[in-house]
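Give me coordinates for this.
(4 chains)
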Number of protein chains: 2
Amino acid sequence: MTESPDVEPLAFADLADAVRQLRKRELRLTTARRLVLEALFAAEVPLSAEELAEHSGLELTSVYRNLETLERHGFARHVHLGHGPGRYLLVGRGEREYLYCERCGQLRALEPAELEPVRDQIRKRFGYEARFTHFPLAGRCPACAQAASRAAATAA
Amino acid sequence: MTESPDVEPLAFADLADAVRQLRKRELRLTTARRLVLEALFAAEVPLSAEELAEHSGLELTSVYRNLETLERHGFARHVHLGHGPGRYLLVGRGEREYLYCERCGQLRALEPAELEPVRDQIRKRFGYEARFTHFPLAGRCPACAQAASRAAATAA
DNA sequence: GTGTAATTGAGAACACATCGCAATAGCAAT
DNA sequence: ATTGCTATTGCGATGTGTTCTCAATTACAC
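Residues are numbered from 1 along each chain as shown, chains lettered A, B, ... in the order given. As a prediction, this is how the structure comes out:
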């Protein structure tokens, strides 16, 4: 797990395309690597190393090593959703940023452009360049926010 | 480490005040508890359990248990700064939210009110109720953002 | 096919956090 | 002060997530 994902995301449309990019970088297409890539291509949501290992029958160690390599070279990324294991995803078909509900675990993926106004406001007020790729924007999803405010009203 | 800090923060001005609140809740003021509280009162920045244990000579286990109790009762909180251990702080003298630089580790603490405009925009656009207490708003501090954009300009 | 280096499996090790349990020590009541 | 109840402690074991070591294997270039 790379500490700070400073790596330039790589663009690739499908597995064959990703493999071409691998070859350019003297990375081999081993069975293990192909299985990890396939699983990530098939995934709708970010997956933990454990899930990838179970799904593929690979050693957990090997999964971690492949994920690390893929991250280092800009193929993949991980995101932290609350406590619990990091979750991995491919970035080749476009970067995503996340909103995460700390109450129910709901994850909403956004195009970076959708967050530009928020980022802008933060930049202007605090000078920070915000990114919600590695640590998502945490809080309450609409449903949980409503539930919480109803509960507060009842308690009062 | 409580998974989701749903606990109402408690108000207390100093150690004596905190102790009064402890007593109300049938919590004892043991030597260990007092040492943890004192260290947290003295701290300028959120501290890891390890740091608290070293500083106080207490068992790491005992520190974790006290932190857990303090969190459960609304005295303390923890925040996640990148990878690495959770870091604990008292909330009695007012809640804080955080901006965290993933490049240099700089942490900026803000009054929740200062983030209200940002929260507002997020609420209007996405319906999410954002909180930067448990997972800070991550990104680049002004200095690192500038350094990065200069580097990008040079590379181009 | 052969050589070379990247990669793998298998297990140990590591970092952070929690649990079990007998011994200890706060605090209330006397 | 003493006693009794029970929260809390020390200490070791355990759990979860991740990385390391190293000999054996395998992808890929030639």
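
Where does the prediction get shaky in chain A?
Along chain A, the model assigns pLDDT under 70 to residues A:4-5, A:155-156.

for it, what spans make up the strands?
For chain A, the strands defined by DSSP state E cover A:47-48, A:76-79, A:87-90, A:97-101, A:107-110, A:129-130, A:137-140.

residues making contact with the first one?
Put plainly, it is strand A:47-48. With contact meaning CB atoms under 8 Å, 6 or more residues apart in numbering or on different chains, strand A:47-48 is reached by A:39-40, A:55, A:84-89. For glycine as for every other residue, the C-beta is placed from the backbone atoms N, C-alpha and C.

Out of those residues, grab the one that's most surrounded.
Highest neighbour count within the contacts of strand A:47-48: A:Tyr88, with 26 neighbours (other CB atoms under 10 Å in any protein chain shown).

The closest residue to that one other than its chain neighbours: neighbour count?
Closest residue to A:Tyr88 apart from its sequence neighbours, by CB to CB, 6 or more residues apart in numbering or on different chains: A:His78 at 4.9 Å. By other CB under 10 Å, the residues close to A:His78 number 23.

Mind checking the strands of chain A for the one nearest to B:Ala138?
If you check each of the strands of chain A against B:Ala138 by CB to CB, strand A:129-130 wins as the nearest, at 7.2 Å.

which residues touch the closest one?
Against strand A:129-130 from outside (CB under 8 Å, 6+ apart): A:115, A:118-119, A:122-123, B:137-140, B:144-145, B:148.

Weed out the non-buried ones from those.
A:115, A:118-119, A:122-123, B:137-140, B:144-145 (16 or more other CB atoms under 10 Å in any protein chain shown).

closest to DNA strand D among these?
Comparing the buried ones among the contacts of strand A:129-130 against DNA strand D with CB to the nearest atom of the strand picks out B:Ala138 as the nearest, at 16.2 Å.

which stretches of chain A form helices?
A:15-24, A:31-42, A:49-56, A:60-72, A:116-126, A:142-155 (DSSP state H).

Redo these as JSON lines? Include distance to chain B.
Formatted as JSON lines, the helices of chain A follow (distance: least, CB to the nearest CB, whole Å):
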{"stretch": "helix A:15-24", "distance to chain B": "19"}
{"stretch": "helix A:31-42", "distance to chain B": "21"}
{"stretch": "helix A:49-56", "distance to chain B": "15"}
{"stretch": "helix A:60-72", "distance to chain B": "13"}
{"stretch": "helix A:116-126", "distance to chain B": "6"}
{"stretch": "helix A:142-155", "distance to chain B": "3"}
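
Write out the residues of chain A neighbouring DNA strand D.
Within chain A, the positions near DNA strand D by CB under 7 Å from any atom of the strand are A:1, A:23, A:28-31, A:48-50, A:60-61, A:64-65, A:68, A:84-86.

and those residues near DNA strand C, which?
Restricting these to those adjacent to DNA strand C (criterion: CB under 7 Å from any atom of the strand) gives A:28, A:30-31, A:61, A:65.

Spell out for me the PyMOL command that would select the buried members of these.
Applied in PyMOL, the following selects the buried portion of those according to 16+ other CB under 10 Å:
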select buried, chain A and resi 65
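
could you dump the ones next to DNA strand C among the residues of chain A next to DNA strand D to a markdown table with distance to A:Arg108?
Converted to a markdown table, these look like this (distance: CB to CB, whole Å):
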| residue | distance to A:Arg108 |
| --- | --- |
| A:Arg28 | 36 |
| A:Thr30 | 35 |
| A:Thr31 | 35 |
| A:Thr61 | 32 |
| A:Arg65 | 31 |
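
Look at A:Gln121 and say how many residues are nearby.
16.

gap between it and B:Lys24?
As judged by CB to CB, to the nearest Å, A:Gln121 and B:Lys24 stand 41 Å apart.

what does A:Glu3 give?
43 Å.

and of the buried ones among the contacts of strand A:129-130, the nearest to B:Arg103?
B:Arg103 lies nearest to B:Cys144 out of those, by CB to CB, at 4.1 Å.

which residues touch that closest one?
Shown in contact with B:Cys144 (CB under 8 Å, 6+ apart): A:129, B:101, B:103-104, B:106.

what does A:Val7 give?
A:71-74.

which other residues reach stretch A:33-41?
A:14-15, A:18-19, A:22, A:27, A:47, A:52, A:55-58, A:63, A:66-67, A:69-70, A:75-76, A:88-90.

from the chain's centre, how far out does it sit?
Taking CA atoms, centre = their mean, to the nearest Å, one finds stretch A:33-41 lying 15 Å from the centre of the chain it belongs to.
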